[in-house]
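Participant: Coordinates for the following, if possible.
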Amino acid sequence: MLVAAAVCPCPPLLVPDVAAGAAPELHAARAACTDALGLLAASRPDLLVVVGPAEQSGRGPHPEGTRGSFAGFGVDLAVRLGRESAAGADTADPRLPASLAVAAWLLERTGWSDAPVEGLGVGEPLEAERCVRTGAQLAARAERVALLVMGDASACRTLKAPGYLDERAAGFDAEAARALGTADVDALKALDAELAQELKVAGRAPWQVLAGAAEGAGLAGALLYDEAPYGVGYIVAAWS
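Facilitator: Got it, this is the predicted structure:
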């Protein structure tokens, strides 16, 4: 059963080594992520599952101990998902998708050691119904399950945003932030997948996995951060 969840953005810029001189611009987002992970730890889960967007090669399960790297962003920094394990050490090559590598960095930064950690990379095109079913399956994995849900809102909030300015982006992001901040499961399920893709929303599928996991759990939400510093919506929320 799902007992807690944290929702965090997943840009590699969240990692100060990657952001370099721009690191201070996301200080508030990092602080909010730290607070959200603190609430996860306080829930005393038996299992933590990290869910994040992934390209084709990174989709599917990632066992505890799987390694990731930010070398593709010009930084010699390696991370590991949770503790070392035989299942995750079957290859020396880093293979976490970027979103889960950011999650691993957050967990290492906050000293996570409360429960085993597993990862799940989901594809942007995954239909809402399958997201919801996947979430329900994750929630049934243990008596007390927590989720760390990685994903950005739209990338179309300003003229300089990666997806340029789209007037629909602010409204989409506002509704997503409201739903995530109030643990509105039905609203998350109802997010328009086609519109999300047009707005380059990386978090739609992971958020709908969360909705499936949280159905019937009776969790309350709190919105900890909601800004678009680079024209990309970054949302941090905590459910407990």
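
Participant: which other residues reach the helix or strand hosting residue 138?
Facilitator: Per DSSP states H and E, residue 138 falls inside helix 128-139. The contact list for helix 128-139, computed with C-beta atoms under 8 Å, 6 or more residues apart in numbering, reads 1-2, 49, 51, 120, 122, 126, 145, 147, 189, 191, 193, 205-206, 208-215, 217. All C-beta spots, glycine's among them, are computed from the backbone N, C-alpha and C.

Participant: can you map out the strands along the protein?
Facilitator: Assignment of strands within the chain using DSSP state E yields the ranges 2-8, 47-53, 60-62, 67-69, 78-80, 117-122, 145-150, 221-227, 234-239.

Participant: how about the ones you listed, which one is nearest residue 109?
Facilitator: Residue 109 lies closest to strand 78-80 among the strands of the chain, at 9.7 Å (C-beta to C-beta).

Participant: elements contacting the closest one?
Facilitator: Using 3 or more C-beta pairs under 8 Å, 6 or more residues apart in numbering; DSSP states H and E as the contact definition, the elements that strand 78-80 packs against are strand 67-69, helix 98-109.

Participant: and that strand, which strands flank it?
Facilitator: Strands adjacent to strand 78-80 in the sheet, as given by DSSP bridges, are strand 67-69 (antiparallel).

Participant: Now the longest helix belonging to the chain: average pLDDT?
Facilitator: In the chain, with assignment by DSSP state H, the single longest helix is helix 27-42. For helix 27-42, the mean per-residue pLDDT is 96.

Participant: Could you export the strands of the chain to CSV, including columns for mean pLDDT, distance to residue 171 and mean neighbour count?
Facilitator: As requested, the strands of the chain are exported to CSV (pLDDT from 0 to 100; distance: least, C-beta to C-beta, whole Å; neighbours: other C-beta atoms under 10 Å):
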stretch, mean pLDDT, distance to residue 171, mean neighbour count
strand 2-8, 98, 19, 27
strand 47-53, 98, 21, 27
strand 60-62, 96, 33, 17
strand 67-69, 96, 34, 21
strand 78-80, 96, 35, 20
strand 117-122, 98, 24, 25
strand 145-150, 98, 22, 28
strand 221-227, 98, 14, 19
strand 234-239, 98, 14, 27
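
Participant: how far is stretch 136-144 from where the chain is centred?
Facilitator: Centre-to-centre, stretch 136-144 and its host chain are 18 Å apart (C-alpha atoms, centre = their mean, to the nearest Å).

Participant: Tell me where the model's unsure across this structure.
Facilitator: Low-confidence segments of the chain, defined by pLDDT under 70, span residues 86-94.

Participant: cutoff 50 now
Facilitator: For the chain, applying pLDDT under 50 flags the ranges 88, 90-91.

Participant: Pick out the residue closest to the middle of it.
Facilitator: Centrality entry for the chain: nearest residue to the mean C-alpha point is residue 150, 0.6 Å, by C-alpha atoms, centre = their mean.

Participant: how much space is there between that residue and residue 158?
Facilitator: Summarising the geometry, the distance separating residue 150 from residue 158, computed by C-beta to C-beta, to the nearest Å, is 22 Å.

Participant: Residue 108: neighbour count?
Facilitator: A count of nearby residues for residue 108, using other C-beta atoms under 10 Å, gives 13.

Participant: Please give the number of neighbouring residues around residue 156.
Facilitator: Applying other C-beta under 10 Å, we find 26 other residues in the vicinity of residue 156.

Participant: which ones are touching it?
Facilitator: Contacts for residue 156 (C-beta under 8 Å, 6+ apart) come out as 162-166, 168-169, 199-200, 231.

Participant: any chance of the residues you listed in a markdown table, plus distance to residue 78?
Facilitator: A markdown table is the format used below for those (distance: C-beta to C-beta, whole Å):
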| residue | distance to residue 78 |
| --- | --- |
| 162 | 26 |
| 163 | 30 |
| 164 | 34 |
| 165 | 36 |
| 166 | 36 |
| 168 | 39 |
| 169 | 34 |
| 199 | 32 |
| 200 | 28 |
| 231 | 30 |
